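Novice: return a 3D structure for these sequence lines:
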Amino acid sequence: MDMKRLHRRHALSLLGGAAAVGATGSAFAQAEPPKPAQLVVNHSGGSMGTAMRKAFFNGFEKKYGIKVVETSPVDFGKLRAMVDSGNVEWDLTEIGGQDAIRAGKANLLEKIDTKVVDRSKYPATAQNPYVFASSVYTTIMGFRNDVFKNGSQPKSWADWWDVKKFPGARSMRNHPTDNLEFALIADGVPKDKLYPIDFDRAFKKLDQIKPHITVWWSTGQQPAQLLLDKEVVLATGWNGRFYDIIKKGAPVGIEWSEGALKQGSFAIPRGAKSPYWANKMLAELAIPQQQAVYASELGYPGLNLESLNFVDPKVKPFLPTAYLDQQFWISDEWYAENGTKAAELWNAWMLKKG
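Specialist: Residues are numbered from 1 along each chain as shown. The predicted model follows:
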């Protein structure tokens, strides 16, 4: 074999080797990371945890062979401490709306991998690059339907404020969120013009309804129980709490008009041990059929709008995603910046007589 032919064969051999390495490298880059033995998901616990286990976690374990370990409670301070120390115990954590905004700005969260998590069927309000909108709930009017019969209940916040036309004891939450917005809507402010909130106008309107609120509730179960016990005939509350007693036969109805929508959210802490598999869990939470199971349990649907197609027709009327056009979104961004001031003004207002 002459030297030219030998050199040519050697060159081709090198090129072939390089191509093989390139192909191997590409395949390696696209391969899934090794599966961890477990994935730690932090959430609120209680009935929510039970529903998540049924709708999402059992299926994830069966699909991937990864054990889902659940912890609680949700704690923003602990999240920050974990990330700052570099010792992150959670792969995924539930996080409140305002805290999610704060965490994103403080660089405490990993970016969601859009190649793994499909949110193409989600509304624009649920497309935050660092926060996954896992569910939606709304603060709405609940009413005794043996008092307000045949659709005679208040159908707007202006009606709620009209105590002559719609008499009876009322209950509202002891918190500025929702109430400031409801007051402004009752005073004629359009739902899409609420922010920035005009504190003076809102509290002036709240002064009118304050004497007619017999209970200011502070826990989610309270308004439903107040209606059950006939202590009030009208109460603001979270839709899932009303849904729970309605499906058990309580004489309670829901008015969806002008409800205040909020997202339940999950995020991946920055520095999480298994971010790829945490994204896989988010992908599981985005499956519409699984969201339908969760919604049927709690009345809090996911924001994949296709999930409504898989919900029992008897359940659909109790889900806020069936009435999105009638409601408005609470601005987590505004409260992240102004929530402290709103709380201070609210507490001072509550101490006032009248």
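
Novice: and the helices in the stretch 151-300 of the chain?
Specialist: Counting by DSSP state H, counting those that start in this stretch, the stretch 151-300 of the chain has these helices, from start to end: 157-161, 176-186, 199-209, 222-228, 239-246, 275-285, 288-298.

Novice: go through these and pick out the most buried.
Specialist: Ranked by mean neighbour count, the helices of the stretch 151-300 of the chain are led by helix 176-186 with a mean of 24 (mean count of other C-beta atoms under 10 Å). C-beta here means a position set from N, CA and C on the backbone, and glycine is covered the same way.

Novice: which secondary structure elements does that one contact?
Specialist: helix 157-161, strand 170-173, helix 199-209, strand 234-238, strand 252-267, helix 332-351 (3 or more C-beta pairs under 8 Å, 6 or more residues apart in numbering; DSSP states H and E).

Novice: break the chain into its domains for me.
Specialist: Per automatic domain parsing, the structural domains of the chain span 38-136+264-317, 138-261+325-351.

Novice: picking that back up, out of the helices of the stretch 151-300 of the chain, which comes closest to residue 169?
Specialist: Closest approach to residue 169 among the helices of the stretch 151-300 of the chain (C-beta to C-beta): helix 222-228, 8.6 Å.

Novice: ok so, going back, nearest to residue 31, of the domains of the chain?
Specialist: domain 38-136+264-317 (10.6 Å).

Novice: just how off-centre is the closest one within its chain?
Specialist: Chain-centre distance of domain 38-136+264-317: 9 Å, with C-alpha atoms, centre = their mean, to the nearest Å.

Novice: now do the same end-to-end measure for that domain.
Specialist: 37 Å (C-alpha to C-alpha, to the nearest Å).

Novice: least confident secondary structure element in the protein?
Specialist: In the chain, no helix or strand scores lower on mean pLDDT, DSSP states H and E than helix 3-30, which sits at a mean of 41.

Novice: packing partners for the next helix or strand after it?
Specialist: Helices and strands here follow DSSP states H and E; after helix 3-30, the next one along the chain is strand 38-42. If you count contacts as 3+ C-beta pairs under 8 Å, 6+ apart, strand 38-42 packs onto strand 67-71, strand 92-95, helix 275-285.

Novice: now do 6 Å
Specialist: Judged by 3 or more C-beta pairs under 6 Å, 6 or more residues apart in numbering; DSSP states H and E, strand 38-42 is in contact with strand 67-71.

Novice: so what's residue 92 up against?
Specialist: 41, 266, 268, 278, 281 (C-beta atoms under 6 Å, 6 or more residues apart in numbering).

Novice: how about CSV for the domains of the chain, with distance to residue 32 added?
Specialist: Compiled in CSV, the domains of the chain are given as follows (distance: least, C-beta to C-beta, whole Å):
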stretch, distance to residue 32
domain 38-136+264-317, 7
domain 138-261+325-351, 33
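
Novice: mind checking pLDDT for the closest residue to residue 323 other than its chain neighbours?
Specialist: Excluding the flanking residues, the one nearest residue 323 by C-beta to C-beta, 6 or more residues apart in numbering is residue 256, at 4.2 Å. Confidence at residue 256, expressed as pLDDT, is 98.

Novice: wait, residue 256 touches residue 326, no?
Specialist: Yes - contact criterion C-beta atoms under 6 Å: residue 256 and residue 326 qualify, at 5.5 Å.

Novice: these two: who's more crowded?
Specialist: Remark: of residue 256 and residue 326, residue 256 carries more neighbours, 19 against 15, as counted by other C-beta atoms under 10 Å.

Novice: report the beta-bridge partner residues of the residue nearest in space to the middle of the chain.
Specialist: What sits nearest the mean C-alpha location of the chain, by C-alpha atoms, centre = their mean, is residue 264, with 1.3 Å. As for beta bridges, residue 264 partners with residue 135 under DSSP bridges.

Novice: again, but for residue 39
Specialist: residue 68.

Novice: wait, what's in contact with it?
Specialist: Residue 39 touches 66, 68, 91, 277, counting by C-beta under 6 Å, 6+ apart.
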